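Q: pasted the sequence and its predicted model underneath.
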There are 2 protein chains.
Amino acid sequence: MGAVAALVRSTFLVNAVYADSARDHGLTAQQGQLLCVLMAQPYGMSELGAMLGLAKSSLTGLVDRTERNGLVERRPDPQDSRAVRVALTRRGGVLAEEFYAETCRRVGELAAGLAAAEQETLAGLLGRVVLDNKVPAVFLEPDEGAAGGRGR
Amino acid sequence: MGAVAALVRSTFLVNAVYADSARDHGLTAQQGQLLCVLMAQPYGMSELGAMLGLAKSSLTGLVDRTERNGLVERRPDPQDSRAVRVALTRRGGVLAEEFYAETCRRVGELAAGLAAAEQETLAGLLGRVVLDNKVPAVFLEPDEGAAGGRGR
DNA sequence: GCCCGGTAGTTCGCGAGACGAACTAGCCGC
DNA sequence: GCGGCTAGTTCGTCTCGCGAACTACCGGGC
């Protein structure tokens, strides 16, 4: 199988696993992704739109629905009264951790057929693709979680 | 970067590229995927649902919209008058080829930073993940196109 | 023959998601 | 203190995905 087909098919696979995991936590894939991004730190609407690749009107809707479920909240930005910081609520934080951990587990299982060394090779190559293409931090490293921007 | 994070982030990346390429061809990602599946051969609604992981009512809608755009058509199944074979129209076939080729090109570019040997290694490892997890043929090999798609 | 359980698809109603265009409100340079 | 820019929201429209209820047809058993 060529690299292109392998990439596209593995994408299909991970999409399905991600959506399933979200569903099992009462989330949609998009809401799960939003929670994962916010695990690191709060963000403004425009920042989120840029990271997730969404139009700002799409973001308004996504945050609306997630807020309605009590998982995130809009906080006024102290520096700029037009702006808003979207942050996890307590409940959202707990759910994000659970969803994140379970999703990691399930995605990890996909690669269970690979030996440890092979997984490392895969991670290295795929990691370079990700970095080369400047993918935003839509899914953190297990060890760059929680305190996120402030280090840890 | 760990294998899990690399997989999830590369998935995000490929999703975006796929959706962009579809959009540039006047398609949604789902319609593009449908066309790619049908490049190999026609399928029944239930088969498509199983391959794409969709409920049958979702398939009806997707095929409806794609048919309305003149890209696929429903043909009666000669063996079973309940059933239907979904096939590309002439226009759909042409568009599918274009979309497929362009998407391959763009996804290939994502891995352009890797040397040829590295791309092969990546393809091998990712290919095993795909095969281990029995991902359906949602995106063909360049050389298993047209008549070739059956077996496997 | 005919009935009956299973299968192939469709319809319907609903909510999520994505977009662009038009809008409000607040920032800031000059 | 005005004019242009930026942050977000609202609105209308479409796609997508689902489950439940439905129709139409296949087949096996008697």
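A: Alright, I've got the coordinates.
Q: all contacts plus neighbour counts: C-alpha atoms, from now on.
A: Fine.
Q: tell me the mean pLDDT for the helix or strand containing A:Gly61?
A: Assigned by DSSP states H and E, A:Gly61 belongs to helix A:56-68. What helix A:56-68 shows for mean pLDDT is 96.
Q: which other helices and strands contact that helix?
A: helix A:29-40, helix A:45-52, strand A:72-76 (3 or more CA pairs under 8 Å, 6 or more residues apart in numbering or on different chains; DSSP states H and E).
Q: okay, angle between that helix and helix A:29-40 too, please.
A: 80 degrees (axes from the mean of the first three to the mean of the last three CA atoms, to 10 degrees).
Q: now the helices and strands packed on helix A:56-68 as a markdown table including distance to B:Leu71, mean pLDDT and mean neighbour count?
A: Output for the helices and strands packed on helix A:56-68, formatted as a markdown table (distance: least, CA to CA, whole Å; pLDDT from 0 to 100; neighbours: other CA atoms under 10 Å in any protein chain shown):
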| stretch | distance to B:Leu71 | mean pLDDT | mean neighbour count |
| --- | --- | --- | --- |
| helix A:29-40 | 29 | 96 | 22 |
| helix A:45-52 | 30 | 95 | 17 |
| strand A:72-76 | 41 | 96 | 18 |
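Q: nearest to B:Tyr43 among those would be which one?
A: helix A:29-40 (28.0 Å; CA to CA).
Q: the closest one near DNA strand D at all?
A: No. Using CA under 7 Å from any atom of the strand, helix A:29-40 stays clear of DNA strand D, with a minimum separation of 10.4 Å.
Q: that helix packs against which elements?
A: helix A:3-24, helix A:56-68, strand A:84-88, helix A:90-110.
Q: as a markdown table, those with mean neighbour count and distance to DNA strand C would be great.
A: Output for the helices and strands packed on helix A:29-40, formatted as a markdown table (neighbours: other CA atoms under 10 Å in any protein chain shown; distance: least, CA to the nearest atom of the strand, whole Å):
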| stretch | mean neighbour count | distance to DNA strand C |
| --- | --- | --- |
| helix A:3-24 | 21 | 10 |
| helix A:56-68 | 15 | 4 |
| strand A:84-88 | 22 | 11 |
| helix A:90-110 | 18 | 14 |
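Q: any chance of the ones you listed in TSV, with distance to B:Cys36 too?
A: Shown next, in TSV, are those (distance: least, CA to CA, whole Å):
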stretch	distance to B:Cys36
helix A:3-24	12
helix A:56-68	28
strand A:84-88	38
helix A:90-110	24
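Q: which of these sits closest to B:Gly127?
A: Set against B:Gly127 and scored by CA to CA, the helices and strands packed on helix A:29-40 come closest in helix A:3-24, at 5.2 Å.
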